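Participant: predicted model and sequence follow; I will ask about them next.
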Amino acid sequence: MKIELLFFDGCPSYERLEPQLEQLVRDAGVEDPIELRRIESPEAAEAERFLGSPTVRIDGEDIDPGARDRSDFGLKCRLYRLEVGMSGVPPEEWIRAALAERVRREPEEPADGH
């Protein structure tokens, strides 16, 4: 499983999210590392379809259920719309759901390694 935390240096929200994300990954029983990916230019933001910092992707898919329909890419702090208002980090429920979906999709390896 590929877990990415995309960010840019002008927004500190990813620093608040990183330990929380690490804990949620561990809680899901996932041992894959989290890859920190710095987005450094507007061109890179466009090429990466970067909706702002922080962005969490699992196996290339943004954990935000509405991200697929968006095209407002750029170097900006990302705000997540929640039932109770706005947040600079995604809700834990989205992260848990995305991890659970990927864990469910992964084929089981035989116990003997073959």
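Facilitator: Okay, I see it.
Participant: quick one: the strands in the chain?
Facilitator: Assigned by DSSP state E, the chain shows strands spanning 3-7, 34-38, 55-58, 61-62, 80-82, 85-87.
Participant: just the buried positions in stretch 58-65, please.
Facilitator: By neighbour count on 16 or more other Cβ atoms under 10 Å, the buried set for stretch 58-65 is 58, 62-64. Every C-beta, even on glycine, is put in place using the N, C-alpha and C of the backbone.
Participant: let me redo that: stretch 20-31
Facilitator: For stretch 20-31, the neighbour count (16+ other Cβ under 10 Å) marks 21, 24-25, 28, 30 as buried.
Participant: in this structure, which helix or strand is least confident?
Facilitator: Of all helical and strand segments in the chain, the minimum by mean pLDDT, DSSP states H and E falls on strand 80-82, at a mean of 88.
Participant: now that one, how far from the chain's geometric center?
Facilitator: Distance of strand 80-82 from the chain centroid (Cα atoms, centre = their mean, to the nearest Å) equals 14 Å.
Participant: so what strands line up beside it?
Facilitator: Applying DSSP bridges, strand 80-82 is found paired with strand 85-87 (antiparallel).
Participant: now do the partner strand: distance to the chain's middle.
Facilitator: Averaging C-alpha positions (Cα atoms, centre = their mean) puts strand 85-87 17 Å from its chain's average.
Participant: related to what we said a few turns ago, turn the strands of the chain into TSV, including distance to R102.
Facilitator: Below are the strands of the chain laid out as TSV (distance: least, Cβ to Cβ, whole Å):
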stretch	distance to R102
strand 3-7	9
strand 34-38	13
strand 55-58	5
strand 61-62	9
strand 80-82	20
strand 85-87	23
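Participant: mind checking the ones you listed for the one nearest to A100?
Facilitator: Among the strands of the chain, the nearest to A100 by Cβ to Cβ is strand 55-58 (10.3 Å).
Participant: ok, and what's touching that closest one?
Facilitator: The contact list for strand 55-58 (Cβ atoms under 8 Å, 6 or more residues apart in numbering) reads 1-7, 17, 21, 62-63, 78, 90, 95, 98-99, 102.
Participant: hmm, 6 Å instead?
Facilitator: For strand 55-58, contacts defined as Cβ atoms under 6 Å, 6 or more residues apart in numbering pick out 3-6, 63, 98, 102.
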